[in-house]
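S.K.: coords please:
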Amino acid sequence: MRKHTGPLFYVGLLLFVFLVMFPFLWILLAALKPPAELFGERAFHFIIQNPSFDNFVRVFTERPFARYLWNSTVVATLTTLYSITIASFAAYAIAWLSFRGKAIILGVVLAVSMFPQIATISPIFMFMQSMGLTNSYIGLIIPYTTFALPLAIWNLTIFFRKIPSDLGEAAKVDGASIWQTMTKVFFPLAMPGVFTTAILVFIAAWNEFLFALTLNTQEAMKTVPVGIVMFQGMFTIPWGEISAASIIVTIPLVVMVLIFQKRIISGLTSGAVKE
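M.R.: Residues are numbered from 1 along each chain as shown. Okay, the predicted model is just below:
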């Protein structure tokens, strides 16, 4: 018998949503407030008397924020494509192929992901500097794989293992090769996991700070997290512009999640049905 939810449930749900969304709401309010309200007596008021988009305009007119966005988009996209491509083949092999050392490989992947960035930044910086890859996209994509690739391999391996083994055995009976089994049977079913993992990898690369701060020091090659941190005024910290930039940065992530969400749902409802 279906139970009806009472009003307390909805009150608790609204309270939970408010607590989760409060930081984002507060940043939005700070971005829309003029300096007089942001630093004056109305700093902690929710109602804005004179809302303004000047902070959003100044982010693009007084700072190279569009360049920061482009740099983050290029680096995060290429890192995601590279990591997902390599991880898809590696995860399939670890999940379904029989060979020695699978446990060792997974252990190495886990060990690499456990190294803190501060412990690896010095040798990575010296290597990139000696190769002339500092202040470049490839100079960030290579070190980004130290956390993106292990994350992708672990997630996709778990997802591949959840696919019924009967499908692979049926493909072998029909004479399919390993490549055909992987590309025509398992990969279509793994699309939900692939897109979910792509979201996680993209967000991790988009938000990365330490490597981008250390390796790309030129103004034209800075990414969004570094660029926002470097927002400085002559006498004060421009909190309004920082808040506006933070709101702008979340837009690509929200759009990407919505797009991938549709692909995930379509992937879940398709796959094993043979047309």
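S.K.: pretty sure L140 is touching F211, no?
M.R.: Yes: if you go by C-beta atoms under 8 Å, L140 and F211 touch, sitting 6.1 Å apart. In short, each C-beta sits where N, CA and C put it, glycine included.
S.K.: those two - which one has more neighbours?
M.R.: Between L140 and F211, L140 has the larger neighbour count (other C-beta atoms under 10 Å), namely 28 against 25.
S.K.: any idea how far that one is from K222?
M.R.: L140 sits 11 Å away from K222, going by C-beta to C-beta, to the nearest Å.
S.K.: okay, and the common contacts of these two?
M.R.: Residues touching both L140 and K222 by C-beta atoms under 8 Å, 6 or more residues apart in numbering: A212, N216.
S.K.: where does this protein dip in pLDDT?
M.R.: 1-5, 42-43, 233-234, 262-275 (pLDDT under 70).
S.K.: what packs against the longest helix anywhere in it?
M.R.: The longest helix of the chain (DSSP state H) is helix 65-96. In terms of contacts (3 or more C-beta pairs under 8 Å, 6 or more residues apart in numbering; DSSP states H and E), helix 65-96 is packed against helix 102-114, helix 138-161, helix 187-207, helix 224-229, helix 239-268.
S.K.: so how far is the fourth one from its chain's centroid?
M.R.: Okay, so that is helix 224-229. When distances are taken as C-alpha atoms, centre = their mean, to the nearest Å, helix 224-229 is centred 16 Å away from the chain's centroid.
S.K.: with the longest one instead?
M.R.: Taking the mean of its C-alpha atoms, helix 239-268 sits 10 Å from the chain's own mean (C-alpha atoms, centre = their mean).
S.K.: picking that back up, turn the helices and strands packed on helix 65-96 into a markdown table, columns for distance to L215.
M.R.: Converted to a markdown table, those look like this (distance: least, C-beta to C-beta, whole Å):
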| stretch | distance to L215 |
| --- | --- |
| helix 102-114 | 19 |
| helix 138-161 | 5 |
| helix 187-207 | 13 |
| helix 224-229 | 10 |
| helix 239-268 | 20 |
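S.K.: nearest to F16, out of those helices?
M.R.: helix 239-268 (19.7 Å; C-beta to C-beta).
S.K.: now that closest one: buried residues?
M.R.: Applying a neighbour-count criterion of 16 or more other C-beta atoms under 10 Å, the buried positions in helix 239-268 are 239-249, 252, 256, 260, 264, 267.
S.K.: what angle do that helix and helix 65-96 make?
M.R.: Helix 239-268 and helix 65-96 meet at an angle of 30 degrees, taking axes from the mean of the first three to the mean of the last three C-alpha atoms, to 10 degrees as the criterion.
S.K.: for helix 239-268, packing partners?
M.R.: By 3+ C-beta pairs under 8 Å, 6+ apart, helix 239-268 packs against helix 7-32, helix 35-38, helix 54-61, helix 65-96, helix 187-207, helix 224-229.
S.K.: okay, the ones you listed in a markdown table with distance to F44 and mean neighbour count next?
M.R.: Putting the helices and strands packed on helix 239-268 into a markdown table (distance: least, C-beta to C-beta, whole Å; neighbours: other C-beta atoms under 10 Å) gives the following:
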| stretch | distance to F44 | mean neighbour count |
| --- | --- | --- |
| helix 7-32 | 10 | 12 |
| helix 35-38 | 10 | 16 |
| helix 54-61 | 18 | 17 |
| helix 65-96 | 27 | 20 |
| helix 187-207 | 28 | 20 |
| helix 224-229 | 23 | 20 |
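S.K.: export those to JSON lines and tack on distance to N155?
M.R.: Output for those, formatted as JSON lines (distance: least, C-beta to C-beta, whole Å):
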{"stretch": "helix 7-32", "distance to N155": "24"}
{"stretch": "helix 35-38", "distance to N155": "41"}
{"stretch": "helix 54-61", "distance to N155": "34"}
{"stretch": "helix 65-96", "distance to N155": "8"}
{"stretch": "helix 187-207", "distance to N155": "4"}
{"stretch": "helix 224-229", "distance to N155": "23"}
